[in-house]
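> sharing a model that was predicted from the sequence below.
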Protein chains: 2
Amino acid sequence: MFYLIGLGLCDESDITLRGLTAIQRCSRVYLEAYTSILMVSQSRLESFYKKPLILADREMVESSADEILKDADKEDVALLVVGDPFGATTHTDIILRARSLRIPTQTIHNASILTSIGSSGLQLYNFGQTVSLVFFTPTWRPTSFYDRISENANLGLHTLVLLDIKVKEQSEENLARGRKVYEKPRYMSIPQALEQMREVEEEKKEGTLDVHNTLVIALSRMGAHPPSAPPLPASNESKPSAFESERIVAGTIHDLLSVPESEHEQTFGSPLHSLIIVGKRLHVLEAEFAEAFAVNKENWRKVAREVYMCALG
Amino acid sequence: MFYLIGLGLCDESDITLRGLTAIQRCSRVYLEAYTSILMVSQSRLESFYKKPLILADREMVESSADEILKDADKEDVALLVVGDPFGATTHTDIILRARSLRIPTQTIHNASILTSIGSSGLQLYNFGQTVSLVFFTPTWRPTSFYDRISENANLGLHTLVLLDIKVKEQSEENLARGRKVYEKPRYMSIPQALEQMREVEEEKKEGTLDVHNTLVIALSRMGAHPPSAPPLPASNESKPSAFESERIVAGTIHDLLSVPESEHEQTFGSPLHSLIIVGKRLHVLEAEFAEAFAVNKENWRKVAREVYMCALG
C-alpha cells in the first residue's frame, strides 16, 4: 500500500491516530519538504514517529516517483505531506503513477491552511478560488493573481492568497554552471506580499487592491499553538526556541503596510504567512469577529461600514 | 480554556494527537451532532476517548452557548465537531460568546470535506465558492444554489455542493403542537441532489446544469477507509456492519441519473454524499485522473474533449 499522509499544520502532535498507525506499519517513510513546512525539525518528527524519515525534495517527488513507489505493492510505503495531501498538484501525479503500476493507494487527510482560515471569522463558503503569489524578480513579475482576485471580488467573494516558498532553489549562476549548490530557504512575508500587491495595483489601477479601501486579514502560522503537555522533552530539541502561536492581523492594505519594519517581527513573526483579501459580501458577523484582530479598529469599522456597506452597530 | 476540536471525517482514529490530549484534560466534552456525522457510534467514541460525551444539538449550540461555556475560564471544556470546526457558522458564534465572557479559546483543526475532495483529482485552486443544496419541499424550493454554481461556471471553476442533512427535525404538525417529537435523520443522497438539479435546470434553462453536457463527480463518505488494525475490538460495537469505504463516481448528470434505483445502494452507498460540478477550466490531468471513476469512461472522455475542450489523448 502507498499511503499519502497529511501531517496537519504545526508539529508532531498534529498527525491523526490513523496516520500514525499507518506510518508505523511502513518500511519506508518519505517526508515531502517543499510545498509547505511544519514548525518542528525532522529529528523531532523521527523521534516521535519512531521512524527514520527520507527527505523528499521536489526533484525526487516529480522525477523519481518510481523510487518512492518501489515495492509498495508488496510492503507499506508512506509519503508525508504538510497540511492535507492534495494542496499541491504533484501528489495527484504520484497517485496516477501508482495506479499505472497497480499499487493500491490510500490518502489520510488532515487539517489544511485552506480551512484553518475559518479562524479569521470569515465564512469558508464566502471564499472564491485560491490564489498563489510568487516572489517577483527583476525579470519575472506575473500579475495573473490580480485578475483572479478581481474575478472573486466581482462576485463579492473573499480570496485566500498563498505566499511563495522557495526551498532548495539554485541561483541563476549555480544553475547555469550546473552546480548543485542551493540557496537558503525563503518564505514570502506578509509585508513583502502587500508591497507586491501595491505595485501591481499602481500598474493596473483597477481598484481591486486599492490600498485604502481594501480590507485584508494577515495570517501567520495558522494552527500553531504551544504544546501544553509536550509529547517530547525539550532536551530532544537541539535549540528550543520561544514558541510562536498563530497570529491574525486585520486592516486595510494601507494599515498593514504602515506597520514599521522594526515591528514586523513582533506583529507577524515567523513563516508561514498567508493573506486574505476580503470580498464585498462581508457579513456583519464576519466583520465583527475579525475586528478583534484589527491593527486600527476604528479604521476597520469605518471601511467595513462605508466601503463594504456592512451594517456594523 | 474552551477547545473547539475537529474530529476529521470517518471514525475515532481520525482525531489528531493534539486533539486527543486536549479532550483528556477536559472536565466536560460536548459532541456537536447536526452539521455533519462520523461513521461510528457515540459509544465507540466514548470508549476510545475514555470520556463521556454530552450530545449537543443545534438548539443547545445556538441557544445555550453559556451552558457549554460554563466555568471554561477555570477548567477545560471542549466542543467536538466533525471535520474541521469552521465549516459551519455556529462555531464562530460560540467563539464570539466565549470572547465576551473573557474565556480563552483554542481551535484544533482537522481534515474537512472541503479539502478531502482533492482525492477526486480536481485541483483545489480550481474551485470557486462552496454551495449548499437543501431538500425541496412542496412549498420551499430555493434555487439560489443554481446562481452560485453559474457564477463559478462563468469563471470556469468547479463547485463543491454540500448536500442537506436533517437531524432532529420536527414535522410541521409536531412543531405546531409544540411536541418535542423528532423525525428520523435524513441525509440527501446523490440521486436526490441530481434530480433536484435537473428540475431547476428545466425551469431556468440557462444550461449551467445541462444534464448531457455537465460533468459531475459524486463523492460518498470521503475519508472513510477500513481500519486495518481497529483501535477497539469489534465486540464493543453493538452491531458491527460491513465497512463502506469512500467512493467516487464520475459522469455527466445524465450518466449518474441513469444508474437504476436498484443499483443506487451499490453505486453510492451510505451517507454522507457530496457532489462536484466540474468547471470548464478542467485540465487534462484532472480529466485523466477522474476518468478512473467514470461510470461510462467513453462518454466521460467525449464530453471532456468536446464540451470542456480538454486535450485528452
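Cool, the structure landed.
> just give me the neighbour total for the closest residue to residue A:90 other than its chain neighbours.
Spatial nearest neighbour of residue A:90, chain neighbours left out: residue A:61 (5.3 Å); criterion: CB to CB, 6 or more residues apart in numbering or on different chains. Placement of C-beta: from N, CA and C, glycine included. Neighbour count for residue A:61, taken as other CB atoms under 10 Å in any protein chain shown: 23.
> go ahead and confirm residue A:61 touches residue A:68.
Yes. Residue A:61 lies in contact with residue A:68 (CB atoms under 8 Å); the separation is 7.1 Å.
> show me where the stretch 201-313 of chain A has strands.
A:215-220, A:247-252, A:273-277 (DSSP state E, counting those that start in this stretch).
> what residues are shared contacts of residue A:61 and residue A:68?
Shared contacts of residue A:61 and residue A:68 (CB atoms under 8 Å, 6 or more residues apart in numbering or on different chains): A:79, A:94.
> got any ranges where the stretch 151-300 of chain A has weak pLDDT?
Residue ranges of the stretch 151-300 of chain A with pLDDT under 70: A:228-241.
> could you pull out the helices for it?
With DSSP state H, counting those that start in this stretch, the ranges of helices along the stretch 151-300 of chain A come out as A:172-176, A:190-204, A:253-257, A:264-267, A:284-291, A:297-306.
> in TSV: those helices, plus distance to residue B:253 and mean neighbour count.
What follows is the helices of the stretch 151-300 of chain A, written out as TSV (distance: least, CB to CB, whole Å; neighbours: other CB atoms under 10 Å in any protein chain shown):
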stretch	distance to residue B:253	mean neighbour count
helix A:172-176	48	11
helix A:190-204	38	18
helix A:253-257	42	20
helix A:264-267	49	12
helix A:284-291	33	20
helix A:297-306	40	16
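> those into CSV, with extra columns for distance to chain B?
Below are the helices of the stretch 151-300 of chain A laid out as CSV (distance: least, CB to the nearest CB, whole Å):
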stretch, distance to chain B
helix A:172-176, 27
helix A:190-204, 17
helix A:253-257, 22
helix A:264-267, 21
helix A:284-291, 6
helix A:297-306, 14
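> relative to residue A:139, which of these is closest?
Among the helices of the stretch 151-300 of chain A, helix A:172-176 comes nearest to residue A:139, with 9.9 Å by CB to CB.
> for the residue nearest to residue A:90, helix, strand, or coil?
Assigned with DSSP: H, G, I helix; E, B strand; the rest coil, residue A:61 falls in the helix class.
> measure it to residue A:134 for me?
Distance, residue A:61 to residue A:134, by CB to CB, to the nearest Å: 19 Å.
> pull out the buried positions in stretch A:53-68.
Neighbour-count burial for stretch A:53-68 flags A:53, A:56, A:58, A:60-61, A:65, A:68 (criterion: 16 or more other CB atoms under 10 Å in any protein chain shown).
> ok, residues contacting it?
By CB under 8 Å, 6+ apart, stretch A:53-68 touches A:28-34, A:42, A:45-46, A:77, A:79-80, A:90, A:93-94, A:97, A:101, A:167-168.
> quick check: residue A:226 touching residue A:243?
Yes. Using CB under 8 Å, residue A:226 is in contact with residue A:243, at 4.6 Å.
> pLDDT below threshold where in the stretch 1-150 of chain A?
Where the stretch 1-150 of chain A drops to pLDDT under 70, the residues are A:88-89.
> just the helices in it please.
A:17-25, A:42-49, A:58-63, A:65-69, A:90-100, A:113-116, A:144-154.
> hmm, back to that, which one of the strands of the stretch 201-313 of chain A lies nearest to residue B:213?
It's strand A:273-277; of the strands of the stretch 201-313 of chain A, that one is closest to residue B:213 (CB to CB) at 33.0 Å.
> who are the packing partners of the closest one?
If contacts are counted by 3 or more CB pairs under 8 Å, 6 or more residues apart in numbering or on different chains; DSSP states H and E, strand A:273-277 sits against helix A:144-154, strand A:159-163, helix A:190-204, strand A:215-220.
> what packs against the longest one?
For helix A:190-204, the helices and strands in contact under the criterion 3+ CB pairs under 8 Å, 6+ apart are strand A:131-133, helix A:144-154, strand A:159-163, strand A:215-220, helix A:253-257, strand A:273-277.
> 7 Å - rerun?
Packing partners of helix A:190-204 (3 or more CB pairs under 7 Å, 6 or more residues apart in numbering or on different chains; DSSP states H and E): helix A:253-257, strand A:273-277.
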